[in-house]
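Peer 1: Next one to model:
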Amino acid sequence: MAPARYNGKRDKYDEDLELYKDDDGEPMTMGKLVAMIAQHMLASPGGKSAVKENLLRSFVKVDSVTWECLLKKTNEKLRRSCGYTIVQKDGTLYLTNILPGLPNVENLAEMADAQKGFRFIVLVFLMMERPPSLAKEFGKVPSERMWKFFETLGYSNTEPDEVLGDMKMLINTMINEGLLAVSAKQSGPAPGDDILYEWGPVAVKTISPQMVFDAFLKIHDTNAAQWQQHADKVADWQFRFAKEYKKHSYYDRKRAKPDVPGGTRARAEDAGRRRLSEKPQIEPTAAADVCSWDACNPLATDQSLLNVHLVTHTHDDLGWLMTVDQYYDREVQKIYDTVITEVEKDKSRKFSFAETGFLMRWVEHNQTTVSRLQKLVQNGQIELIGGGWVQNDEAAAHYVDIIDQMTLGLEHLKVLFGPNCSQPKAAWQIDPFGHSREFANLAAQMGYESLYFGRIHYVDRSLRHSTKNNEFNWIGSDEQKTSLLTGALYWDYSPPSGFCFDSGCNDEEIQDDPNQPGYNVVRRAQQFLNYVTEQASHYKTKNVILTMGMDFNYQMAEKWYRNLDKLIKYFNANPSMGLNLLYSTPACYTKAVQKAQPVLTTKSDDFFPYASAQNSYWTGYFTSRPAFKGMIRQASSLLNLGKQLSAHFLLGDDAALETAKRASGLVQHHDAVTGTAKQVVTYDYQQRLHKGMIQLETLATHAIQFATQQTTAPKHQLCLEANETTCAAIFNKASYVATVFNPLGQVSNTVIEIPSYAAQAAVYDYAGQLITGAQVFLAAPSQANAADGAQYTLYVPLQVDPLGFRSIYVDTMAKKGALTVQKPETPLRDATSTLENSVRSA
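Peer 2: Purely as a prediction, here's the structure:
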C-alpha cells in the first residue's frame, strides 16, 4: 500500500490543500488531513465561531497569533510565517505540531507508517451517522457519485491513488458486513435554486473502532501484527477526533429535517467542494412526477380529424463541417438557451433533445440554470430522445462501441434527471447513412419502444409510400425475438417545404392579424394543409408526424414557436379543414400510433446500402480514412481494458476513464467514424481520442504498480504508431520490457508484433527464460518511411491468462539466444492476378 502522491505542480487542488510540497510531490500526511478538515469547516459562514475555534484548537496546536494567521490564509498555502515547524525526511514533509499525541520528530519513520495505515479510517468515521433520508442500494449509486465525499476532505478523486483504493475496499467490506450503507444527503442551496446531493457511506448501527479495524485486517491479513501495533498507538486519538468532529459537523445539523435544502451554508460548502473537483458536479434530481409520454397534448375527440404531431427538434452533429467546440460555441449553446426560455412560456409547448454529448456540455457550463431544464423534463415538456452520447453510425461503428457510447449518454441522463424520465422511449437515428438490424436489436434490448430514422433507399421509400408501410415492426434478432416499432420519416427529418423559421431560413412568416399588411394565414394554412394531406395518404392511422426542425435549428426558438402557435391556433379554430395540430414528441406520436392498432408489416434485415438517388450509393464511408477507423478500434480496446483494470484494482481513476469514454463515444458519431467530416474536424477527433488513450496509458501503469505491489513502477507507454512500424517508447533503446494484457475471460494464445530497431533480439519471460518461437522480420518498405520508423518487426508468441497480463524482456544487444532477421516470403510477387466481375476485368 503506497501513500497518496501529487504531481508537485501548483494546480487547483493546491489552493485547497494549503501545505508545502517538495518539488517531487509528497505523501498525504495526517497533518495535511487535519489542515484540510480545518479549511473545510472554515469555508462555511460562521466558520470562525467560538465552537469551531475551540474544536480546531484542541487538535491544532497553535497560539493566538498563529491561529489568526491560519484564518487569514484560508485560500493560500500555510507558510512558515504561521508558526508551523516543517521537517523534511526522505522527501516527505511533516508538520510536527499539527496534532497532539502524534509521535515526536525523533519517531518520524514510525509516524509515517502509522499515517499510511489509519488516515483513511478517520475518513470513514467522519462520514458516519449522516441522515439516511435518501438511502440507496450501494450498487445502484452512479459510479461517478459513489466516492465524491472524498473531495469534501480535500482528496483528489481524479488521481490514481492506492490508498483511496484501500479505502474503497474497506468501505465495501464494511458494507458487506452490514455496518455501512450508502445514502444521499440533500445539502442545498436554498429553495428555488439548484438542489444538490452528496453521496457517502452512512453507519447503519453503532460501530466501534475494533469493528473498523477488523474489517481493515480482512484486506490486509498478512500484516495484522504490524497494523495492530499501529492501532494501539494511533487509533485512540483518531477515533476521539472523529467523535468530536461529528458533534459539530453540518451533516448532523438538520437531522430532524434531512430533506430541507441547506440554504446559504450549503451554498458555501458546495462552493468549497467544487473547487476540489476537476469538472462541474451536477447532482441528481428527485423522482419526477410526470414524463413527456405521460403528458401528451390531447388528440382530437372528433375521429374524422387528422392529428398532426408537430415534433419540434434540432439535429446537432458533434462535428462535421466544424469541430465540436465550434458548433457548441457558435450555435448549440444558443439553441438550449432559447428553447428553454420559449418552452417555459407555454405548458403546451414541447421539445425533443437527442445528443447527450452537447446536452452535458451545456449543463456543465450552465450550473445555475440546470434546474430549469430539469423541471421541463420532469413536467413532460422536454423529451429526451436517442440518449446516446452521439447519434452513432450503424455500419462502421462496432457494436461494442455503440453500446459503450449509449451507456455513457444514458448514465449521464440518469444522474441528471433521475430514474423515471431519463430513459428515452424513442431511439432517434435520423441522419446515419443506412441502418442495421443489429442496432434495432440493441435498441429493443435497451428498452426502447420505437425507432425513427430519416435516410432510406430512394426506391424503398417510394415503395413504402405507395403501400403505406412507412411504419413497421423490425425484427432485430431471430434468437432474442426482439421487435421494435419503426418509422421511416416521410422525407428525411426536415420540416415541410416553406415552413422553416430559423436563422438561415428565408421562409415566409405567418401573419394572422387581418389588420396588418402581409396578412397571409389563410394562404399559408392552405399550403400547409396540402403538404400534410399528401403525407397522410401514405400512412395507416389518423396520425402524422412532422419533424419541425433541421440541422442546428432553434437558435431562434422564439421565431419558431411564434409561427407554429399561429398555425395551431388557426387550424384548431377551423376544424372544417380536417386537422388537429398539437405540439408532440416521438414518444407521444408512438403512443398515438399504438392506440390506433394498425396492422403493420415486419422486416428482419438491414437497410444497407443507402442510396439517395440513382447511382448515388453511400458506400465509400465503409472504408474511408482506414487509419482513423483503426485508431478508433484501438482506443475502444484500450477503454475496455481500462474499465477492467479500474474495476479490478479499485483504482479510482474516474476522471481518466471519463475522458476516454467521452473521446471514444464522440468518434462513433455518424460523421466521425464514417470519415465524412472535414479534415480539420477529423484532426480534432484524433486529438481527443489520443488524449483519452494517454489517460488509459497512465491508468495501466498504476494498475501494474498496484498488481506488483510496487511503490513506484516504470511508466508504461503505448506504441500508438505501431501500424507505421514506429514506437517512440523503444526508439534507440538497447533493452526494454513489454507488457501484454488479456481482457478476455479465457486464455489467449497470440502473437504480438513489436517494431524493432535492431536486426537481432533475445526475448525472455519474467523468469529469465528465453521464449522460443520469436522471430525478427524485415519490415515492408512502405511501412518504414518515418524518420523514426523501424526497419524490422519482432514477432513473439505468448500465452496470457484470462484477465491477466504478461511482461517480456527484450534485449537487442544479447549474444546468447539472439534472433537474427528473417526475410518475409512473398509467394505472389511474380504471380499474375486478375480481378473481375460481371462488368469489368482488370
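Peer 1: Could you say which helix or strand holds the nearest residue to T623 once chain neighbours are set aside?
Peer 2: Of all residues beyond its chain neighbours, the one nearest T623 is K629 (8.0 Å), with distances taken as CB to CB, 6 or more residues apart in numbering. Glycine gets a C-beta too; all of them are placed from N, C-alpha and C. Assigned by DSSP states H and E, K629 belongs to helix 626-649.
Peer 1: same question, Y736
Peer 2: Per DSSP H and E: strand 735-742 holds Y736.
Peer 1: Which secondary structure elements does whichever strand or helix holds H690 sit against?
Peer 2: Take DSSP H and E as the rule and H690 turns out to sit in helix 679-707. In terms of contacts (3 or more CB pairs under 8 Å, 6 or more residues apart in numbering; DSSP states H and E), helix 679-707 is packed against helix 162-176, helix 324-327, helix 626-649, helix 654-666, strand 735-742.
Peer 1: got the angle for the third one vs strand 735-742?
Peer 2: For helix 626-649 and strand 735-742, the angle between their directions (axes from the mean of the first three to the mean of the last three CA atoms, to 10 degrees) works out to 80 degrees.
Peer 1: buried sites along helix 626-649?
Peer 2: 628-629, 631-632, 634-636, 638-643, 645-646, 649 (16 or more other CB atoms under 10 Å).
Peer 1: for those, which one is nearest N473?
Peer 2: If you rank those by distance to N473 using CB to CB, S636 comes first, at 31.5 Å.
Peer 1: pretty sure that closest one is in contact with D404, am I right?
Peer 2: Yes - with contacts counted by CB atoms under 8 Å, S636 reaches D404, the gap being 7.3 Å.
Peer 1: Mutual contacts of those two, please.
Peer 2: S664 (CB atoms under 8 Å, 6 or more residues apart in numbering).
Peer 1: before we move on, the earlier item: next, the angle helix 626-649 makes with the helix holding H690.
Peer 2: Angle, helix 679-707 to helix 626-649, by the same axes, to 10 degrees: 30 degrees.
Peer 1: could you measure K629 against I752, distance?
Peer 2: 21 Å (CB to CB, to the nearest Å).
Peer 1: cool, G476 as well?
Peer 2: In terms of CB to CB, G476 sits 37 Å off from I752.
Peer 1: ok, these two, which is more surrounded?
Peer 2: Neighbours per residue (other CB atoms under 10 Å) separate G476 from I752, with G476 holding more: 24 against 16.
Peer 1: correct me, but the more buried one touches N441?
Peer 2: Yes - if you go by CB under 8 Å, G476 and N441 touch, sitting 2.9 Å apart.
Peer 1: Give me the common contacts of the two.
Peer 2: Shared contacts of G476 and N441, counting by CB under 8 Å, 6+ apart, come down to T482.
Peer 1: Assign the nearest residue to A300 once chain neighbours are set aside to helix, strand or coil.
Peer 2: Leaving aside its sequence neighbours, A300 sits nearest to N580 (CB to CB, 6+ apart; 3.6 Å). Secondary structure, DSSP: H, G, I helix; E, B strand; the rest coil: N580 is strand.
Peer 1: now N580, which residues is it bridged with?
Peer 2: Taking DSSP bridges as the rule, N580 bridges to N307.
Peer 1: start the count at 148, not 1, going forward
Peer 2: Noted, 148 is the first residue going forward, which turns the last one into N727.
Peer 1: Could you give the number of residues near it?
Peer 2: Counted with other CB under 10 Å, N727 comes out at 23.
Peer 1: which residues touch it?
Peer 2: N727 touches L446, A447, D449, L452, L453, N454, V455, F718, N719, counting by CB under 8 Å, 6+ apart.
Peer 1: Tell me which residues touch I549, please.
Peer 2: Per CB under 8 Å, 6+ apart, neighbours of I549: G535, N539, E541, F586, L589, Q815.
Peer 1: Recalculate using a threshold of 10 Å.
Peer 2: G535, N539, D540, E541, S583, E585, F586, L589, A590, G812, Q815 (CB atoms under 10 Å, 6 or more residues apart in numbering).
Peer 1: Check those residues for burial and list the buried ones.
Peer 2: Buried subset of the contacts of I549 (neighbour count, 16+ other CB under 10 Å): G535, N539, D540, E541, S583, F586, L589, A590, G812, Q815.
Peer 1: Pretty sure the fifth one sits against L589.
Peer 2: Spelled out, it's S583. Yes - at 9.2 Å, S583 and L589 qualify as touching, with contact defined as CB atoms under 10 Å.
Peer 1: any shared contact partners between those two?
Peer 2: With CB under 10 Å, 6+ apart, S583 and L589 have common neighbours E541, Y546, I549, G623.
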